[in-house]
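Student: I'll drop the sequence and a predicted model, then ask my questions.
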Amino acid sequence: MTPSTDLNIPLFERAKALIPGGVNSPVRAFKAVGGTPRFVKRAQGAHFWDANDQRFIDYIGSWGPMILGHGHPAVVEAVQKAALEGFSFGAPTEREVELAEEIIGLVPSMEMIRLVSSGTEAGMSAIRLARGATGRSKIIKFNGCYHGHADALLVKAGSGLATFGNATSAGVPPEVVQHTLVLEYNDITQLEEAFALHGKDLACLMIEPIAGNMNFVRASVPFMQRCRELCTQYGALLVLDEVMTGFRVGLTSAQGVYAKSIPGFAPDLTVLGKVIGGGMPLAAFGGPRAIMEHLAPIGAVYQAGTLSGNPVATACGLATLREIRKPSFFEALSARTQSLVEGLKAAAAAEGVPFSADCEGGMFGFFLLPTLPQSYPEVLTTDSARFNQLFHGLLDRGIYIAPALYEAGFVSSAHSEEDIAATVAAAREVFKLLAK
Ligand code: PMP
């Protein structure tokens, strides 16, 4: 493909004239890796086709939702049927109740749930609920975790534990982030100091249990346990942002993974998105009845949405969840993801490229680093020029991974052994170039 025949290029030019950066969400623009984004025409199973009708093996899956791959027949049928019955009513439907029952039946920490339309909305609403329920203002978040683009969450660490964060976006006044304390992920000492200083004023601690917004970094078991203990001790709510990990790393989500190592482990609030909508705009937050009943119309914490619990989105989410809870779904998905990760590790080792990788369920991450990083500053020690070479090398070979080194990857049940083998073979070719 030469620049003069690449049909993505004129499309990007048209888009840039009308849409800031040519995209409706920044990371799609290839800004970090350079080059022209691929404009997707259609997708099926583990693959999508761009403007040139070139096929790619898709490891983004809409950044997580497409756990069954694209166009799963049961999901398509459910969506088509729902669309014929009506797009949106602004009045309750049975399907919302069914989806609530389905989610709560799988994740026991939630007794009640509220459906919304995006992860941003869910995270923002969970914080408001935590503040309303505790009567406190301050919140803890961690460097490298992303919880959507609500003002109070677009924050990086301030100059010390006694001071609060600085906004990471223009347009967020300092007053709006003055209650957000940003700590280093997996740093127990700093966590304990922060609670000792501010514990009684904290409404909640929000965390990605496996942080997919710094590629793939697990909260260590002792760190997660300490988060739980300190929240309980000081009366702050532990909020797990499982927008990415929810029904992606396992049927009981990341909280189920931690409960295997920490007996009785459960968050106070859970934030969900992505997989629960199966590719439609749908997200949620939930927790114990005593906390959730602070929400309007029964409680004093206001929260609402014209399209919340949308009938087509709930049909899509329900059909997706009903597929993933079939026996051995996650065993098969985990094995497939594992074979990708092991294959990539072996390919890098064979070419002498420093490399580390990890996965859980259908979510994975890899680093051009000899050992797995534990925090965002460690992730950022990656040589970005080498990552960009890897990204473009794979893209040229029809493999589509996230166009930024701090994003996780996703395997779906539609990825075949052949897809994995083709990916590993392509990666080996690129590793050979990187080793030179
Ligand atoms: N939380 C996490 C952990 C996420 O990964 C994301 C999005 N990638 C969000 C929240 C925000 O979700 P949305 O993009 O649907 O607003």
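Tutor: Sure thing, it's come through.
Student: any idea how far residue 51 lies from residue 247?
Tutor: Residue 51 sits 32 Å away from residue 247, going by CB to CB, to the nearest Å. (Each C-beta comes from the backbone N, C-alpha and C, glycine too.)
Student: Which one's more surrounded, these two?
Tutor: Taking other CB atoms under 10 Å, residue 51 and residue 247 do not tie; residue 247 has more neighbours (28 against 17).
Student: Quick one: residues contacting the residue lying closest to that one once chain neighbours are set aside.
Tutor: Among residues not flanking residue 247 along the chain, residue 275 sits closest, at 4.2 Å (CB to CB, 6 or more residues apart in numbering). Counting by CB atoms under 8 Å, 6 or more residues apart in numbering, residue 275 makes contact with 64-65, 67, 246-248, 320-321, 324.
Student: Now flag whichever of those residues is closest to the ligand.
Tutor: residue 64 (7.0 Å; CB to the nearest ligand atom).
Student: Could you count how many residues lie near the closest residue to that closest one other than its chain neighbours?
Tutor: Nearest residue to residue 64, sequence neighbours excluded (CB to CB, 6+ apart): residue 274, at 4.0 Å. Residues near residue 274, counting by other CB under 10 Å, number 27.
Student: which SSE is residue 223 in?
Tutor: Here residue 223, judged by DSSP states H and E, is contained in helix 221-234.
Student: Run me through the strand neighbours of the following helix or strand past that helix, direction for each.
Tutor: As assigned by DSSP H and E, the chain's next helix or strand after helix 221-234 is strand 237-242. When pairing is defined by DSSP bridges, strand 237-242 lines up against strand 202-207 (parallel), strand 269-272 (parallel).
Student: Let me know which of these is tucked in deepest.
Tutor: Ranked by mean neighbour count, these are led by strand 269-272 with a mean of 28 (mean count of other CB atoms under 10 Å).
Student: Whatever helix or strand comes next after that strand vs strand 237-242, what angle?
Tutor: Downstream of strand 269-272, the next assigned helix or strand under DSSP H and E is strand 283-287. Strand 283-287 runs at 150 degrees relative to strand 237-242, counting by axes from the mean of the first three to the mean of the last three CA atoms, to 10 degrees.
Student: What is the least confident helix or strand in this protein?
Tutor: strand 166-167 (a mean of 85; mean pLDDT, DSSP states H and E).
Student: what helices or strands is it leaning on?
Tutor: strand 155-156, helix 174-177 (3 or more CB pairs under 8 Å, 6 or more residues apart in numbering; DSSP states H and E).
Student: can you put the ones you listed in JSON lines and add mean neighbour count and distance to residue 138?
Tutor: Below are those laid out as JSON lines (neighbours: other CB atoms under 10 Å; distance: least, CB to CB, whole Å):
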{"stretch": "strand 155-156", "mean neighbour count": "20", "distance to residue 138": "12"}
{"stretch": "helix 174-177", "mean neighbour count": "14", "distance to residue 138": "11"}
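Student: so which of those gets nearest the ligand?
Tutor: strand 155-156 (14.2 Å).
Student: Pull the distance from the closest one to the chain's centre.
Tutor: 18 Å (CA atoms, centre = their mean, to the nearest Å).
Student: what's the answer for stretch 77-90, then?
Tutor: 27 Å.
Student: Quick check on residue 421: phi, psi?
Tutor: Here is the backbone geometry of residue 421 (degrees, to the nearest 10): phi -60, psi -40.
Student: Over to residue 64?
Tutor: For residue 64, the backbone dihedrals (degrees, to the nearest 10) come out as phi 130, psi -40.
Student: burial measure for it, as a count.
Tutor: Using other CB under 10 Å: residue 64 sits among 24 other residues.
Student: Can you pull up the most central residue in this protein?
Tutor: residue 244 (2.7 Å; CA atoms, centre = their mean).
Student: and the residue in the stretch 201-350 of the chain that the ligand sits nearest to, what pLDDT?
Tutor: The nearest approach of the stretch 201-350 of the chain to the ligand comes at residue 243, 3.5 Å away (CB to the nearest ligand atom). For residue 243, the model assigns a pLDDT of 98.
Student: What is the most widely separated pair among the contacts of residue 275?
Tutor: 64 and 321 (14.3 Å; CB to CB).
Student: quick one on the thing from earlier: sheet-wise, list the partners of the least confident helix or strand of the chain with their directions.
Tutor: When DSSP bridges is applied, strand 166-167 pairs with strand 155-156 (antiparallel).
Student: what's next to the strand it pairs with, contact-wise?
Tutor: 141, 143, 164-168, 172, 177, 180, 182.
Student: Tell me which of those residues has the lowest pLDDT.
Tutor: Among those, residue 164 has the weakest pLDDT, 76.
Student: Distance-wise, check that residue relative to residue 231.
Tutor: 18 Å.
Student: could you give me the average pLDDT of stretch 268-278?
Tutor: On average, stretch 268-278 scores 98.
Student: Show me what from the stretch 51-200 of the chain comes close to the ligand.
Tutor: For the stretch 51-200 of the chain, the residues in contact with the ligand (CB under 6 Å from any ligand atom) are 63, 118-120, 123, 146-148.
Student: from these, which ones fall inside helices?
Tutor: Within those, residues falling in helices by DSSP state H are 119-120, 123.
Student: if we can go back for a sec, of the contacts of strand 155-156 - the most surrounded one?
Tutor: residue 141 leads the contacts of strand 155-156 on contacts (other CB under 10 Å) with 28 neighbours.
Student: For it, give its distance to the ligand.
Tutor: 11 Å (CB to the nearest ligand atom, to the nearest Å).
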